[in-house]
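>>> Have a look at this prediction, sequence included:
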Amino acid sequence: MEQDQDSWWMATKNAVWSCLGSAEAVARGISVAQVCAVAVTGQMQDVILLPGPGLHKRCNAILYSDARAQSEAAEIAKLGGGSDNVASITGFPQGASSVLAKLRWLDKRDPKSAQQCRSLLLGGHDYVVWKLCGLCVTDATTASTTGLTNGSFQYAEDLLERVELGHWIDKLPTIVASNSPCGELNSHAAVELGCAALQGVPVIHCCGDAGACTLGAGAGGRGTTYAYLGTSGWVAGSFAKKSSLDKRSEVKLSGVYTLAHPDPSLVFKTGSIMTAGGNLAWAASNLVATSEAIDMKELDGLVKSVPAGSGGLLYLPYLNGERCPFEDPNARASFVGISAVTTRGHLLRSVMEGVALAMRSARDAMFADPLPEDISRPLYLVGGGARSPVWPAIMAAVFGQTVDVLEDAQEVGVKGAALLAGQWLGWECGHENWVQVNNSFIPSTEEIELYEELFATYSQAYSGLKHVHKSLSNFQKSSRVGN
């Protein structure tokens, strides 16, 4: 999975124009003179090569979701003393999507990649900051997603040498603070942005998207958590940073990431499932509106017409495999328990419930140590799925927590970057100023008990079907069948 990184710069230019040059901006009285800083966040775990001096060859960015380096990941594990040893150094298991594996993949296909590049960048916002002020930098949160850092969130140079990637060390971007400026917007960038007056404005390389979303969703303080219910899904929060002794005994599960936090006493933790709302989009397109636009009100109405538990129907939401709490690219979605009385409403509700149960699994994996954090607080919910009047209620009952749906749930990443910039500027950035609750869902004891029973069954289903998934995957890959 690759992307032209210049598309990010074009999007940045469009965003700046929308904020400062559009008719709406003018009507609202927004001017360049009001710009105090430029705060940048973006996707993480990419491989972006900047061509060396005199070289014009430019490769597309290899994205976080690229998993071509499966054999290279196995080689990294072997060279690194085993997958458990690599995980103990980097903080979590390193698979085909890790930058470690991607760099080895590059080396095998173009041995001169490192020699011919000026610098290696690790996230979309790394590239935008380079365009803004000419600096090759990253933040600790982004760096800690890559497999290139150790428990102190510094580059693990000994590991890189051991896995035959030492020649990349001097190409790595400098890790800078995510809550203070790394440089100033230069004259060339200001002209490209169509606003020469932006020259000299401080540029803050904020933490990557998962961290920025966590801050913007009000989960930047110890013990607070939130869930993102979009095409994919995750549960994340901020937790006390563990000592080296505690880290050695920490349970490391697939899909659970421990990342650097702007507060050095804390870490971000996330538990990420492969597909969340994508399951409902598939079900709606194929079970409800196969030839016309999906009416979400109709869909919610069908779901509400069916009682909790979907009449004993269970859905496993593995449309694209799964990564938390287990990693299995062969896992596939399935309905278990269809009967003669099953309706479209049962099918759709079971999809919502199955995604909520998967998100609960990710939450439990994140807390597997166990951690002494207080989960009696509300769970903040953001993402497109939060707009449904039904799904958040299901999430609340499955999680056994009050769920608070936030205002501007689609903008939490931008809010997180603005929060970091505001703190540096000395603004009053209290929780109450940034997090506004749109609606709260409080589950009943009966609902919690019902879904606790269903979750126990759900937790057994994958192991029972694992070998079936593998056999079907092999069957599908054979020459006898198509996709």
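Nice, thanks for sending it over. This is a predicted model, so every value here is computed, not measured.
>>> can you list the weak-confidence ranges in the stretch 51-200 of the chain?
In the predicted model, the stretch 51-200 of the chain carries pLDDT under 70 at residues 54-57.
>>> which residue ranges form the strands in it?
Using DSSP state E, counting those that start in this stretch, the strands of the stretch 51-200 of the chain run over 61-62, 117-121, 137-139, 174-176, 183-184.
>>> distance between the last one and the chain's centre?
It refers to strand 183-184. 27 Å (Cα atoms, centre = their mean, to the nearest Å).
>>> for the strands of the stretch 51-200 of the chain, which one ends up most surrounded?
Of all the strands of the stretch 51-200 of the chain, strand 137-139 has the most neighbours on average by mean count of other Cβ atoms under 10 Å, namely a mean of 28. C-beta here means a position set from N, CA and C on the backbone, and glycine is covered the same way.
>>> related to what we said a few turns ago, closest one to Arg162 among the strands of the stretch 51-200 of the chain?
strand 117-121 (18.6 Å; Cβ to Cβ).
>>> So which elements touch that closest one?
With contacts taken as 3 or more Cβ pairs under 8 Å, 6 or more residues apart in numbering; DSSP states H and E, strand 117-121 sits against strand 48-51.
>>> which helices and strands sit right next to the strand it packs on?
Using 3+ Cβ pairs under 8 Å, 6+ apart: strand 48-51 touches strand 117-121, helix 124-133.
>>> Alpha carbons only: can I get that strand in CSV?
Taking C-alpha atoms only, strand 48-51 is exported to CSV below (Å, rounded to 0.1, in the frame of the first residue of the first chain):
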residue,chain,number,x,y,z
ILE,A,48,9.2,8.0,3.3
LEU,A,49,12.5,8.4,1.6
LEU,A,50,13.8,11.9,0.7
PRO,A,51,16.2,11.7,-2.3
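>>> Can you list the strands that that strand pairs with?
Strand pairing for strand 48-51, determined by DSSP bridges: strand 117-121 (antiparallel).
>>> Could I get the helices and strands packed on strand 48-51 in TSV, plus columns for distance to Thr41?
Listed next are these as TSV, based on distance: least, Cβ to Cβ, whole Å:
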stretch	distance to Thr41
strand 117-121	14
helix 124-133	5
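>>> In this structure, which residue is most central in space?
When Cα atoms, centre = their mean is applied to the chain, the residue found nearest the centroid is Ala210 (5.0 Å).
>>> Give me the nearest residue to it, chain neighbours excluded.
Leaving aside its chain neighbours, Ala210 sits nearest to Thr270 (5.7 Å; criterion: Cβ to Cβ, 6 or more residues apart in numbering).
>>> The helix or strand hosting the one you found pairs with which strands, parallel or anti?
Using DSSP states H and E, Thr270 sits in strand 266-273. The pairing partners recorded for strand 266-273 under DSSP bridges are strand 233-240 (antiparallel), strand 256-260 (antiparallel).
>>> Off-centre distance for it?
9 Å.
>>> right, and the helix or strand after that strand?
Next element after strand 266-273 (DSSP H and E): helix 277-283.
>>> Next, the buried residues of the following helix or strand past that next one.
Using DSSP H and E, the helix or strand that follows helix 277-283 in sequence is helix 296-304. Buried residues in helix 296-304, counted by 16 or more other Cβ atoms under 10 Å: 299-300, 302-303.
>>> Now do the end-to-end distance for stretch 109-124.
23 Å (Cα to Cα, to the nearest Å).
>>> hang on, the earlier thing: wait, which of the strands of the stretch 51-200 of the chain is closest to Met44?
That would be strand 137-139 among the strands of the stretch 51-200 of the chain, by Cβ to Cβ, at 8.9 Å.
>>> Show me the strands paired with that closest one, marking each as parallel or antiparallel.
Strand 137-139 is paired, per DSSP bridges, with strand 174-176 (parallel).
>>> Run through who's touching the strand it pairs with.
135-140, 143, 153-155, 182, 205 (Cβ atoms under 8 Å, 6 or more residues apart in numbering).
>>> With stretch 326-345 instead?
Here stretch 326-345 has contacts from 67, 93, 95, 254-255, 279, 282, 287-288, 302-303, 305-306, 311-319, 321-322, 347, 350, 461-462, 465-466, 469-470, 472-473, using Cβ under 8 Å, 6+ apart.
>>> Show the buried residues in those residues.
Buried, going by 16+ other Cβ under 10 Å: 67, 93, 95, 254-255, 279, 288, 302-303, 306, 311, 313-319, 321-322, 347, 350, 461-462, 465, 469, 473, out of the contacts of stretch 326-345.
>>> what about the residue in the chain sticking out farthest from the centre, which SS state?
Of all residues in the chain, Ala340 has its C-alpha farthest from the mean position, at 39.3 Å, by Cα atoms, centre = their mean. Recorded secondary structure, Ala340: coil (DSSP: H, G, I helix; E, B strand; the rest coil).
>>> Tell me the spacing between it and Val306.
16 Å (Cβ to Cβ, to the nearest Å).
>>> Also Gln116?
For Gln116 relative to Val306 (Cβ to Cβ), the value is 59 Å.
>>> Asp364 now?
For Asp364, the distance to Val306 - Cβ to Cβ - is 26 Å.
>>> hmm, back to that, which of the buried ones among the contacts of stretch 326-345 fall within helices?
If you go by DSSP state H, the buried ones among the contacts of stretch 326-345 have 279, 302-303, 347, 350, 461-462, 465, 469, 473 in helices.
>>> ok, those vs Ile169, which is closest?
Nearest member of those to Ile169, counting by Cβ to Cβ, is Ser473, at 37.9 Å.
>>> a markdown table for the strands paired with strand 266-273, including mean neighbour count?
Converted to a markdown table, those look like this (neighbours: other Cβ atoms under 10 Å):
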| stretch | mean neighbour count |
| --- | --- |
| strand 233-240 | 25 |
| strand 256-260 | 24 |
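>>> For Lys78, find the nearest of the ones you listed.
Nearest to Lys78, of those and by Cβ to Cβ, is strand 256-260 at 22.8 Å.
>>> Let's see the closest one as CSV, backbone CA atoms only.
Output of strand 256-260 as CSV, limited to C-alpha atoms (Å, rounded to 0.1, in the frame of the first residue of the first chain):
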residue,chain,number,x,y,z
VAL,A,256,-1.8,-3.7,21.7
TYR,A,257,0.6,-0.8,21.3
THR,A,258,2.4,1.2,24.0
LEU,A,259,3.4,4.6,22.6
ALA,A,260,5.3,7.7,23.9
